[in-house]
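Asks: This is a predicted model, with the sequence first.
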Amino acid sequence: MVFVNKFARWTFFTAIILYVLIPMLAVLVYSFSTRWTSNILPDGYTLSHWGDSFRDERLRAALWRTLWMAGAVLIFDILLVVPAVYWQRVRNPRIRIFTELLAAIPFALPFIVIAFGILRIVGTSAPTVLFEIADVLPGFLGDRLVSIGNWLPTMLGTPWIILFGHAAIAFPFLYWAVDGSMAAANIGRLNEAAQMCGATPIQILRLVVLPNIGAGLAAGGMLVFATSFGEFALVQILAGARFENISLYSLDLLNNTTSQVEKLAVLTIVTFAILFAISIGVVYLNRGQGSRLLPGARAMGGEK
Amino acid sequence: MSGVSLNGISKHFGNVRALDDVSVEIASGELIALLGPSGCGKTTLLRSVAGLEQPTSGVIRIGGKDVSHEPPRKRPIGMVFQSYALFPNMTIRENVGFPLKVRKESSDKIRPKVEELLELVGLSSQADRYPHQVSGGQQQRGALARALAPSPEVLLLDEPLSALDALVRTRLRDEIRRIQQLVKITAIYVTHDQSEAMAIADRVAVMNHGKIEQIAEPPEIYEDPSTKFSAGFVGNRNAIELASTNGRVEFGGFVSCAAPSIGSQRVVLFFRPEDVEFMEDGSGHPAMVENKLFLGSLSRVYLLLESGGASVRLYADISSRQALRLQIGQIVNVKLQTEHARVFPVDAQ
């Protein structure tokens, strides 16, 4: 019985591992193969695809652009979400319904719909509304609205619109993770304790809240980074070739008649490696936090 | 000159009056216990003093200075929470130093102060552990040291011992009292445990329905409850309902006492189990032993008394040696020592 259980467990485990690993391995092997069309293994191996890829100025630029954008989105979302969730938990729980609704939108609507929505709003709807308000609001305020209305469409095609768009679609991952961490760490009570210790709200955020939600921040942050890193629809529709990221570049490789699939394999492995390295880093940074932050974590042994 | 003065404090949550016009003067260096059942407003009152709740009306003064509208961090107050609320990302030492750190004290000043406090609460050897690595009692000592670190004028303790087991609780209770007297700090201590309140406080304020029912020194609270609620809540009392006629309460030969201000109505007679006397000489009133409970040096004897068609049940505490001689079902004669008995109308608050 025990043997059967153990056998079943290992079989299942191995099957899962193979299911996950074989596609990755195939891509990896492909990136090193000279030709792989007729046999179960490639005809020969080479490093030239890797060399070519990294000599390709366009690929390097796309990779760099994607990386810094993902990093910027992550920082922007942390600055946006952490104070908001903190405020919601300790000061005004009533905004929860509003924030949760916002956090559901990116799951409820396809990114492509959101992308066209942003295009419409920034490109035409918002400026039109602003101009109409400006008509009845003459003077300095009206002028301001007109200049904002003129400025909004110019954001299209710039990294800014990508930054704000990605921040908007990726923030729910961080929101839920941070909210859960704050609940687990009993931030409400710690906040009161810190207030009684004389800490200002900024000090509380920096010294008490942030260090105690590390796990949620890391897990949610990782997802935010990955969302922006692999995002296609918003970049394609809002910026297109003016902001070629890894996804756009990959699509271009596929569409290319001289289709450089090997380069695509290299790119896939590089993307995977970057995200994998970040997850390892997250796990490493969070080691031991689980037990430390467990609610009611208690000691071994009583009071001596 | 750092007493606390609460004047007309009310707090409404919607239609609920959590605090109803509470006024108290707490002298400098005094420890006052707020005692009452859950929902009586004691924690709300404490949190109002802390600034964690904003009272609907009323004035809070500390050392004569009106702090009613100051945020918590600007009030000269240290607070200890039921759940310890130590910061889990800091060691005990860092926790104790936290209030000084956020006040931008230099580390030369912080270090000796933290050492002194750790010494005071007996945590020096555990100081570099994280909160989850020490026991609940030790966490609470750490929280006490942290609350005292900025040398506040007032210490607030919100059921600090409720989460601890019985043995640690009494020891830490005595320790809190010792430290409070040593540093001569004004303190407000919230508890629902009357023996804890009696043991630790200079004065006990019994609270009910958002009001202070009685405020007095522990012996007075215990011996001379001034309201029906404090009589029922404090001390271990029998409460029996009787009729009062012409200003007297009587039940056979068991009790006869005056209740002059009450007149003729149903009353509740409160008395303590140690005031029931077993009469050897045949005087008093016959009672049947229904049950007995061994409590150590004392035993609790449950009695049934009948008189004129009415019957009452009560319990008496007598020495266990005396109780050994009693059999269940046996008829004994009992009489009440009425000196500490209190009578209140049934419909009194």
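Replies: It's in. Numbers count the residues shown, from 1 in each chain, chains lettered A, B, ... in the order given.

Asks: so how far is B:A143 from B:R169?
Replies: According to C-beta to C-beta, to the nearest Å, B:R169 and B:A143 sit 15 Å apart. All C-beta atoms are positioned from the backbone trio N, CA, C, and that covers glycine.

Asks: Compare those two (neighbour count), which wins?
Replies: For the pair B:R169 and B:A143, the greater number of neighbours falls to B:A143 (27 against 19), based on other C-beta atoms under 10 Å in any protein chain shown.

Asks: in the chain, which helix has the most residues?
Replies: Just going to use chain A. Selection of the longest helix in chain A by residue count, based on DSSP state H, yields helix A:57-90.

Asks: that's the wrong chain, I meant chain B
Replies: The helix spanning the most residues in chain B, taking DSSP H as the definition, is helix B:166-182.

Asks: next structured bit after the longest helix of chain A?
Replies: Elements were assigned by DSSP states H and E; along the chain past helix A:57-90, the next helix or strand is helix A:96-108.

Asks: buried stuff in that next one?
Replies: Buried residues in helix A:96-108, counted by 16 or more other C-beta atoms under 10 Å in any protein chain shown: A:99, A:103, A:106.

Asks: try stretch B:54-64
Replies: With burial defined by 16+ other C-beta under 10 Å, the residues of stretch B:54-64 counted as buried are B:55, B:58, B:60, B:62.

Asks: got the contact list for the closest residue to the third one other than its chain neighbours?
Replies: Translated: B:I60. Excluding its sequence neighbours, the residue lying closest to B:I60 (C-beta to C-beta, 6 or more residues apart in numbering or on different chains) is B:S68, at 4.9 Å. Contact analysis of B:S68 by C-beta atoms under 8 Å, 6 or more residues apart in numbering or on different chains lists B:55, B:58-60.

Asks: quick one, helices of the stretch 51-200 of chain B?
Replies: Under the criterion DSSP state H, counting those that start in this stretch, helices of the stretch 51-200 of chain B are mapped to B:92-102, B:107-121, B:136-148, B:166-182, B:194-200.

Asks: what's the angle from the longest helix of chain B to helix B:136-148?
Replies: With axes from the mean of the first three to the mean of the last three C-alpha atoms, to 10 degrees as the basis, helix B:166-182 and helix B:136-148 are set at 20 degrees to each other.

Asks: Show me what helix B:166-182 is packed against.
Replies: Using 3 or more C-beta pairs under 8 Å, 6 or more residues apart in numbering or on different chains; DSSP states H and E as the contact test, the elements touching helix B:166-182 are helix B:107-121, helix B:136-148, helix B:194-200.

Asks: at 7 Å what do you get?
Replies: Counting by 3 or more C-beta pairs under 7 Å, 6 or more residues apart in numbering or on different chains; DSSP states H and E, the packing neighbours recorded for helix B:166-182 are helix B:136-148, helix B:194-200.

Asks: want to try a markdown table for those, with mean pLDDT and distance to A:S33 as columns?
Replies: Below are those laid out as a markdown table (pLDDT from 0 to 100; distance: least, C-beta to C-beta, whole Å):
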| stretch | mean pLDDT | distance to A:S33 |
| --- | --- | --- |
| helix B:136-148 | 94 | 60 |
| helix B:194-200 | 92 | 77 |
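
Asks: Among those helices, show me which one is buried the most.
Replies: The highest average neighbour count among these, using mean count of other C-beta atoms under 10 Å in any protein chain shown, belongs to helix B:136-148 at a mean of 26.

Asks: Low-confidence regions, chain B specifically.
Replies: Low-confidence segments of chain B (pLDDT under 70): B:1, B:260-264, B:349.

Asks: Now the terminal residues of stretch A:197-212, how far apart.
Replies: Stretch A:197-212 has an end-to-end distance of 17 Å (C-alpha to C-alpha, to the nearest Å).
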